[in-house]
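**Q** Provided below for reference: sequence and predicted model.
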Amino acid sequence: MRNRTRLHLLAAAAVAAALPLAAQAFPDKPITFVVPFAAGTATDQLARAIGNEVAQDGKQAVVIDNKAGASGMIAAQQVAKAAPDGYTVLITTNTTHAANEHLYKKLPYDPVKDFAPLTGLGKGGQIMVVNTASPAKSVMDFVGMAKKSPGKYSFGSGSSSSRMAGELLQQMADIKLLHVPYKSNTLAVTDLLGGQIDMMITDSATGLPQVKAGKLRPLGYSSATRSPLAPDVPTIAEAGVKGYEMGYWFAAYAPANTPPAVVKRLNELLAKAARSEAAANAFYRPTGTEVFTTSPEELAKFQAAESAKWAAIIKTAGIEAE
């Protein structure tokens, strides 16, 4: 009996000792970054920039899996149901983890219970753009047009951040626009270029290249301060809608119940990648995105605060959950 007890204790000790070793060995196979939006979007660009650095540091390939559609719910659900081993990571935004729970009556995932927060990755602003053929040369030009013809002009969005930016503009400028939803901001930009929609407020990574190419006209920037990449473009607040401000953020999550040691390792890999010079050159500087890294605990608190903020915006905008 004494020998049997001793064997059980030795076995338990062996298992306990193996856990840190397993974490030290992580990763020992490719990691999949699931992205809720299409290739070419800001989130996709960030995932690829971060993925390159994680692959080099972790000495394992990083696969980018774009699962666009349903406001990020398809991707979020996929990660929520994935094995909690650290090899499936959601590279996402406030769309899936702060806005959707207030925009939809039923989600196929729980943004808190189904995920293990890893780290924040970045913060950014959005740019209000119109087709170059539009008569609107400024934010207030567009507002004036919308006031004269309520419901005539449309705005597109391919993310909750983009949609909320448009909804907040309607609320604060006292105008009525037609909302046209898309699976991604890149698809909305395509229709804006083609004249199918009249305006959109999109992430800088998607909108600024079209502005610099002379294909879209910038009217305003959604953050409290001007973008360093477009210093001549006034903020929407400066342009006449006083008090207007709407930004977005990126973060990484693993499935709930991922081992703490693996969460810690992923946090280290991702945060280091976000702060790397290579990622700065590939994504952060070209898009004007601010590096924003956190501990898992800090991300959980930040997410909770952001969810409350977005709930208030959505309620004030009078948006009914779908």
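**A** Structure received.
**Q** ok, now how distant is residue 93 from residue 238?
**A** Taking C-beta to C-beta, to the nearest Å as the measure, residue 93 falls 25 Å from residue 238. For the C-beta atoms, the positions are set from N, CA and C on the backbone; glycine is no exception.
**Q** Comparing those two, which residue is more hemmed in?
**A** Between residue 93 and residue 238, counted using other C-beta atoms under 10 Å, the more crowded position is residue 93 (27 against 16).
**Q** Show me what the more buried one is bridged to.
**A** residue 250 (DSSP bridges).
**Q** Quick check, pLDDT for it.
**A** Residue 93 carries a pLDDT value of 94.
**Q** so what's it up against?
**A** 36, 43, 72, 159-161, 248-251 (C-beta atoms under 8 Å, 6 or more residues apart in numbering).
**Q** how near is it to residue 141?
**A** Residue 93 is 30 Å from residue 141, by C-beta to C-beta.
**Q** Next, residue 82: secondary structure please.
**A** Reduced to three states with DSSP: H, G, I helix; E, B strand; the rest coil, the structure at residue 82 is coil.
**Q** Ramachandran coordinates for the closest residue to it other than its chain neighbours?
**A** Counting by C-beta to C-beta, 6 or more residues apart in numbering, residue 88 is the residue found nearest to residue 82 once chain neighbours are left out, at 3.8 Å. Main-chain dihedrals, residue 88, degrees, to the nearest 10: phi -130, psi 120.
**Q** Who is residue 88 paired with across the strands?
**A** Judged by DSSP bridges, the bridge partners of residue 88 are residue 32.
**Q** What's the local residue count around it?
**A** Counted with other C-beta under 10 Å, residues neighbouring residue 88 total 22.
**Q** isn't it right up against residue 34?
**A** Yes: using C-beta atoms under 8 Å, residue 88 is in contact with residue 34, at 6.4 Å.
**Q** intersection of neighbour lists for these two?
**A** 78-79.
**Q** Please name the residues that touch the closest residue to residue 72 other than its chain neighbours.
**A** What sits nearest to residue 72 in space, not counting adjacent residues and going by C-beta to C-beta, 6+ apart, is residue 36, at 3.3 Å. Counting by C-beta under 8 Å, 6+ apart, residue 36 makes contact with 43, 67-68, 71-76, 90, 92-93, 95-96.
**Q** Fine by me, we can end here.
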